[in-house]
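> Here is a sequence together with a model predicted from it:
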Amino acid sequence: MAGQQKGPNPWLFVVVSLTSFAAFYSVVKRRETSSPASLQPRQQDHPLVPPRHKEPPAQL
């Protein structure tokens, strides 16, 4: 006769969640100081995708 199975440990779930959040936060902060997005070259618009931003009409 098999014993009753235990459910997952909720503290393990909390520890894994906090660890993943801390790792993501540290990567974001490190990348923010090492190569900020403002210094990165702007990506070119894809020719087959319509632009999301509206360009102002040309003044004559």
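That came through, no problem.
> just for the chain, where's the confidence low?
Residue ranges of the chain with pLDDT under 70: 1-3, 55, 57-58, 60.
> any idea how far Q43 is from R52?
13 Å (Cβ to Cβ, to the nearest Å). Every C-beta, even on glycine, is put in place using the N, C-alpha and C of the backbone.
> which residues in the protein form strands?
For the chain, strands defined by DSSP state E do not occur.
> In it, mark out all the helices, start to finish.
For the chain, the helices defined by DSSP state H cover 10-34.
> For stretch 21-41, buried residues please.
Within stretch 21-41, no residue is scored as buried using 16 or more other Cβ atoms under 10 Å.
> roughly how far is that stretch from the heart of the chain?
Its chain's C-alpha centre and that of stretch 21-41 lie 11 Å apart, by Cα atoms, centre = their mean, to the nearest Å.
> Then stretch 13-28?
Averaging C-alpha positions (Cα atoms, centre = their mean) puts stretch 13-28 12 Å from its chain's average.
> CA atoms only: put it into PDB for me.
Taking Å, rounded to 0.1, in the frame of the first residue of the first chain, the C-alpha atoms of stretch 13-28 are listed here in PDB:
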ATOM      1  CA  PHE A  13       8.300  27.900  -4.800                       C
ATOM      2  CA  VAL A  14       9.000  31.200  -2.900                       C
ATOM      3  CA  VAL A  15      12.700  30.700  -3.000                       C
ATOM      4  CA  VAL A  16      12.800  29.900  -6.700                       C
ATOM      5  CA  SER A  17      10.600  32.900  -7.500                       C
ATOM      6  CA  LEU A  18      12.800  35.300  -5.400                       C
ATOM      7  CA  THR A  19      16.000  33.900  -6.900                       C
ATOM      8  CA  SER A  20      14.800  34.300 -10.400                       C
ATOM      9  CA  PHE A  21      13.600  37.900  -9.700                       C
ATOM     10  CA  ALA A  22      17.000  38.800  -8.100                       C
ATOM     11  CA  ALA A  23      18.900  37.300 -11.000                       C
ATOM     12  CA  PHE A  24      16.700  39.200 -13.600                       C
ATOM     13  CA  TYR A  25      17.000  42.500 -11.500                       C
ATOM     14  CA  SER A  26      20.800  42.200 -11.300                       C
ATOM     15  CA  VAL A  27      21.200  41.500 -15.000                       C
ATOM     16  CA  VAL A  28      19.000  44.500 -15.800                       C
END
